[in-house]
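> Below are the sequence and a predicted model; questions follow.
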Number of protein chains: 2
Amino acid sequence: MVDDGDEVRFCSTCAFSNVCISAGYDKVALGELHVLVEHVGPFRAGERLFRTRDPFKAIYAVRGGLVKTVSVDVDGKEQVLGFYLPGEVIGLNGIYPEHYPCDAVVLETSYFCRFSFPAISALASRMPKLQQQLFRLLSKELALTSMLAGDHSAEVRMAAFLVDLSDRFGASGFSERHLILNMSRIDIGNYLRLASETVSRLLTHMRERGLVRLEGRQLEILDGKALRTLARSALEH
Amino acid sequence: MVDDGDEVRFCSTCAFSNVCISAGYDKVALGELHVLVEHVGPFRAGERLFRTRDPFKAIYAVRGGLVKTVSVDVDGKEQVLGFYLPGEVIGLNGIYPEHYPCDAVVLETSYFCRFSFPAISALASRMPKLQQQLFRLLSKELALTSMLAGDHSAEVRMAAFLVDLSDRFGASGFSERHLILNMSRIDIGNYLRLASETVSRLLTHMRERGLVRLEGRQLEILDGKALRTLARSALEH
DNA sequence: CGAGCTCTTGACACCAATCAATCCGGGTGG
DNA sequence: CCACCCGGATTGATTGGTGTCAAGAGCTCG
């Protein structure tokens, strides 16, 4: 999990590190990236990595754990913007406003790589591959939130959520079939813009149809194909 | 949004040009940017600047006119992703997938600046200010779509739409009070995830309450403060 | 073992979609 | 110049999907 052994990868779960290494980049720049990374954690459930209106100074890659980002509107109503799994990057939406537009709330004990943004931005100027990776990350985040923005039925949203999570677990080297939904139904509902009761009803309905197996926060995908069919209008290609 | 330029502006409405000039950048790089820009147009209403699945080669700044981006899902149902006014940039969401994820449909006679992405990306490596501007544009787009993703009542969404449009018209040097909604109610509804009938009802209701004056596609904001109050939960700070 | 949650399940209400009729404005052709 | 036509816009009646409220069950933690 931390930088050990194999000199080629100094941090096995950092998105940046991986892409740069895989690009076979020059050692000087790589060393600079290494110096730039700061390992932080552990954070416990309920702690915040950063808060709304904190000045934007760094982005974070999840090394292990689970995080949600939430924005709180003027009435104090929370809005979950996203969940972040190991290997994913948090904080990019702070670039333009120059402060974080949301809180990053840790949902289970978590570890991170911290990248000072001015530093990584400067480094990106000399490492086109890194710059490109930053662009891609931003653009990817864009694609994800525009999925949320679509007007789809509750069932389609739920299916799309599960399929997306499955894919991302897979990309992080975890099982694509056995998902651990270590966030409350309330958070899921808030993220999908559904009432938590609706989330419950949808999950039991999916269980009754044999699409998934449910044990509390453990979910096993039994019929991935059917799920994808349900979700296909939301995942629009 | 952009630190205002003082001297030479060789393309009065191009977001990139403006930021680079205002940064007082060296003339060599500036020349390169100049060479890189390609003026295209006019395009007539209904024509497409690019289509879904076209390979991602360039981004476009609107010089004049109005454009919508729409994605078509598997069932053939259209989804309006955004409207673009003079000075704004289209196509950034194609970076990650490396092809455009939507069609760019011209709504009224329009002109553009075309920037080859490989070229501008390379140039950004040598012009930190340009790189930063690209990051900002992406991050800004992110903020905009996450507004759409919120679960707000139809009235709040409508108000937020008008306020946003007013701000953007203002940023482009147009009147903030007199908006020209040169897109159909159907497009507005599709963008806001509302039925066009609901858009109609909301606008008449706002007219009856004295918030706006309506004359077909011309809209005058009479009570901007009230509109902002309505929209404030969607524009979350 | 109780306190305080999350989660589930049911009954009901309500907002916005749908269906339908009409009106308006702009372009076309006689 | 007017009549016609057609897509967009408005307005009304009805429906349905989700939210809200409420009660109870299951967990976890002190």
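Looks like it came in fine. Residues are numbered from 1 along each chain as shown, chains lettered A, B, ... in the order given.

> Scan chain A for its longest helix.
helix A:128-149 (DSSP state H).

> quick one: that helix to helix B:128-149, angle?
Computed by axes from the mean of the first three to the mean of the last three Cα atoms, to 10 degrees, the angle separating helix A:128-149 from helix B:128-149 equals 20 degrees.

> Who are the contact partners of residue A:96?
Listed by Cβ atoms under 8 Å, 6 or more residues apart in numbering or on different chains, the contact set of residue A:96 reads B:135-140, B:142-143. Where you see a C-beta, it was placed from the backbone N, CA and C, and this is true even at glycine.

> Nearest residue to it in space, please, no chain neighbours.
Leaving aside its sequence neighbours, residue A:96 sits nearest to residue B:139 (Cβ to Cβ, 6 or more residues apart in numbering or on different chains; 3.4 Å).

> Was I right to think the one you found contacts residue A:91?
No - applying Cβ atoms under 8 Å as the test, residue B:139 and residue A:91 come out as separate, 10.5 Å apart.

> Pick out whichever of these two has more residues nearby.
Neighbours were counted for residue B:139 and for residue A:91 using other Cβ atoms under 10 Å in any protein chain shown; residue A:91 has more, 25 against 22.

> pLDDT value on the more buried one, please?
pLDDT recorded at residue A:91 is 93.

> just checking, it touches residue A:62?
No - using Cβ under 8 Å, residue A:91 is not in contact with residue A:62; the gap is 10.9 Å.

> Alongside DNA strand C, which residues does chain A contribute?
Residues of chain A lying close to DNA strand C (Cβ under 7 Å from any atom of the strand) are A:151, A:184-186, A:196-197, A:199-201, A:203-204, A:214, A:216-217.

> Among the residues you listed, which pair sits farthest apart?
A:151 and A:216 (30.8 Å; Cβ to Cβ).

> which parts of stretch A:125-143 are buried?
Buried residues in stretch A:125-143, defined by neighbour count with 16 or more other Cβ atoms under 10 Å in any protein chain shown: A:125, A:127, A:130-143.

> now swap in stretch A:217-231 and tell me
Result for stretch A:217-231 [16+ other Cβ under 10 Å]: buried residues A:219, A:221, A:226-228, A:230-231.

> Could you report the neighbour count for the closest residue to residue A:75 other than its chain neighbours?
Closest residue in space to residue A:75, ignoring its immediate chain neighbours: residue B:233 at 5.8 Å, by Cβ to Cβ, 6+ apart. The number of residues packed near residue B:233 is 18, by other Cβ under 10 Å.

> Low-confidence bits of chain A, can you list those?
Within chain A, the segments meeting pLDDT under 70 span A:1-30, A:236-237.

> Tell me how it divides into domains.
A:15-148, A:150-235 (automatic domain parsing).

> Show me the one of those domains that comes nearest residue B:156.
domain A:15-148 (10.5 Å).

> what's near enough to touch the residue positioned nearest the centre of chain A?
In chain A, the centroid-proximal residue (Cα atoms, centre = their mean) is residue A:84; its distance is 2.4 Å. Contact analysis of residue A:84 by Cβ under 8 Å, 6+ apart lists A:62, A:66-69, A:90.

> which among those gets closest to residue B:73?
residue A:69 (26.5 Å).

> hang on, the closest one is in a helix, isn't it?
No - going by DSSP: H, G, I helix; E, B strand; the rest coil, the assignment for residue A:69 is strand, not a helix.

> Now, the buried residues of stretch A:217-231 that are in helices?
Residues from these lying in helices, with DSSP H as the criterion: A:226-228, A:230-231.

> Need the max-distance pair from those residues.
Greatest spatial distance among these (Cβ to Cβ): A:226 and A:231, at 9.7 Å.

> any idea where the strands of chain A begin and end?
Along chain A, counting by DSSP state E, strands occupy A:37-43, A:48-50, A:58-72, A:78-84, A:89-90, A:103-116, A:178-180, A:212-215, A:218-221.

> Dump the ones you listed to TSV, plus distance to residue B:31.
Output for the strands of chain A, formatted as TSV (distance: least, Cβ to Cβ, whole Å):
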stretch	distance to residue B:31
strand A:37-43	37
strand A:48-50	41
strand A:58-72	33
strand A:78-84	41
strand A:89-90	35
strand A:103-116	33
strand A:178-180	53
strand A:212-215	59
strand A:218-221	56
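
> Please name whichever of those is nearest to residue B:177.
strand A:58-72 (29.2 Å).

> buried set for that closest one?
A:58-71.

> what sits up against stretch A:156-175?
Contact with stretch A:156-175 is made by A:13, A:83, A:85-88, A:144, A:147, A:152, A:176-177, A:179, A:181, A:188, A:191-194, A:199, A:202-203, A:206, A:212, A:219, A:221, A:224, A:227-228, A:230-231, A:233-235, as judged by Cβ under 8 Å, 6+ apart.

> Pop out the phi and psi values for residue A:98.
When read as degrees, to the nearest 10, the backbone of residue A:98 gives phi 70, psi 10.

> do you know how far it is from chain B?
Applying Cβ to the nearest Cβ, to the nearest Å, the value for residue A:98 to chain B is 9 Å.

> excluding its backbone neighbours, what's nearest that residue?
Excluding the flanking residues, the one nearest residue A:98 by Cβ to Cβ, 6+ apart is residue A:56, at 5.1 Å.

> What of residue A:106?
Spatial nearest neighbour of residue A:106, chain neighbours left out: residue A:43 (4.4 Å); criterion: Cβ to Cβ, 6+ apart.
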